[in-house]
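J.: got a sequence here, can you model it:
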Amino acid sequence: MISRARRAAVALAVVVAVLAPAVLAAAQWPSWWEWIAKEQTPMTRLQSVSLVVAAVLCWLVAVTVGARRSSPSWPWFLLGAGFAALGLDERFAIHERVRDRVLAPRDITLPFLPWVGPGDFLMIFVALAGLLFLPVVWRSFAPDPGARRALVLGVVLAVVAVGMDSIDPEAMSLDVERLEQTVEEIVELASALSFLTAVALRLIGLLGPPAAEDVPAQRPVWQVAHQ
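T.: Next comes the predicted model:
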């Protein structure tokens, strides 16, 4: 059953990543970009739900590994908080509001990143913070190679999405901007689903027999005898 559950989790993520953009585009055709490229649309709500569910699963993993005392639980609590924050940002367009109302009107840019529009550097800093935390997360996923592969995919897609998001749309025509932003949102959804799959696989793995890495180290018998 554990193996079937893992395959089902991967299959569901792939189906949603492929079908959701297609359904949203068809629902608004010929304005196919309306529910995908813009903020606070069904696409961003789906991304938000994926990230919040990933956060909840992270906290379940934290409780599970904490109960087993097999590995530190704090990275999972912190990772869940990060996913929850990203999910709220997607739902309420927080960084876009800061960019449009605070940074862009003041033409605040990063001189060493000339392709980045005013205020469009916020998510670059978020991505860098995530990459700094990645070694800790990587160790937490150590017992599950499948979950690690999904995590790597999520990170790669997230980096691509942040890079696309940082490009100044003023340098594009309207049609190119719509296409670029549509592709960016699709990549963001795939990234969120990859992260969700990675955490789900780790949690499903914990439901089965403990792996060697998940079993607390036993003290030598002579140490116990001398207590």
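
J.: now Gly80: how far from Met1?
T.: 25 Å (C-beta to C-beta, to the nearest Å). For the C-beta atoms, the positions are set from N, CA and C on the backbone; glycine is no exception.

J.: quick one: which of these two has more around it?
T.: Between Gly80 and Met1, counted using other C-beta atoms under 10 Å, the more crowded position is Gly80 (21 against 8).

J.: name the element the more buried one belongs to?
T.: helix 74-92 (DSSP states H and E).

J.: that helix: how far from the chain's middle?
T.: 9 Å (C-alpha atoms, centre = their mean, to the nearest Å).

J.: now do the contacts for Ser50.
T.: Applying C-beta atoms under 8 Å, 6 or more residues apart in numbering to Ser50 gives the contacts Gly87, Leu189, Ala192, Leu193, Phe195, Leu196.

J.: wait, a helix at it?
T.: Yes: the assignment for Ser50 is a helix, going by DSSP: H, G, I helix; E, B strand; the rest coil.

J.: which SS state does Lys38 fall under?
T.: Per three-state DSSP, Lys38 ends up coil.

J.: what's the local residue count around it?
T.: By other C-beta under 10 Å, neighbour count at Lys38 equals 15.

J.: distance check, it against Arg45.
T.: From Lys38 to Arg45 the distance is 12 Å (C-beta to C-beta).

J.: next one: Asp89
T.: 13 Å.

J.: between these two, tell me which one has more neighbours.
T.: Set Asp89 next to Arg45 and count neighbours by other C-beta under 10 Å: Asp89 wins out with 21 against 14.

J.: and the pLDDT for the more buried one?
T.: pLDDT recorded at Asp89 is 90.

J.: element containing the nearest residue to Val187 once chain neighbours are set aside?
T.: Nearest-residue entry for Val187: Ala161, 4.5 Å, with adjacent residues in sequence omitted and distances by C-beta to C-beta, 6 or more residues apart in numbering. Using DSSP H and E, Ala161 falls within helix 145-165.

J.: returning to what we had before: so for whichever helix or strand comes after the helix holding Gly80, what's the average pLDDT?
T.: Downstream of helix 74-92, the next assigned helix or strand under DSSP H and E is helix 94-98. Averaging pLDDT along helix 94-98 yields 84.

J.: before we move on, what about stretch 184-200?
T.: 97.

J.: quick one: residues in contact with it.
T.: Counting by C-beta under 8 Å, 6+ apart, 9-10, 13, 16-17, 20-21, 36-37, 43-44, 46-47, 50-51, 53-54, 57-58, 61, 79, 83, 86, 90, 141, 147-148, 150-151, 153-155, 157-158, 160-161, 164-165 sit against stretch 184-200.

J.: out of the contacts of Ser50, which end up buried?
T.: Gly87, Leu189, Ala192, Leu193, Phe195, Leu196 (16 or more other C-beta atoms under 10 Å).

J.: quick one: the closest residue to the third one other than its chain neighbours from Leu153, how far?
T.: By that I understand Ala192. Leaving out its chain neighbours, the residue that sits closest to Ala192 by C-beta to C-beta, 6+ apart is Ser50, at 4.0 Å. Ser50 sits 14 Å away from Leu153, going by C-beta to C-beta.

J.: what's near enough to touch Leu24?
T.: Counted by C-beta under 8 Å, 6+ apart, Leu24 has contacts Trp35, Ile36, Thr41, Pro42, Met43.

J.: restricted to buried residues, select these in PyMOL.
T.: Typed into PyMOL, the next command selects the buried ones out of those (criterion: 16+ other C-beta under 10 Å):
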select buried, resi 35+36+41+43
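
J.: determine which two of the contacts of Leu24 are furthest apart.
T.: Across these, the longest distance by C-beta to C-beta is 8.3 Å; it joins Ile36 and Pro42.
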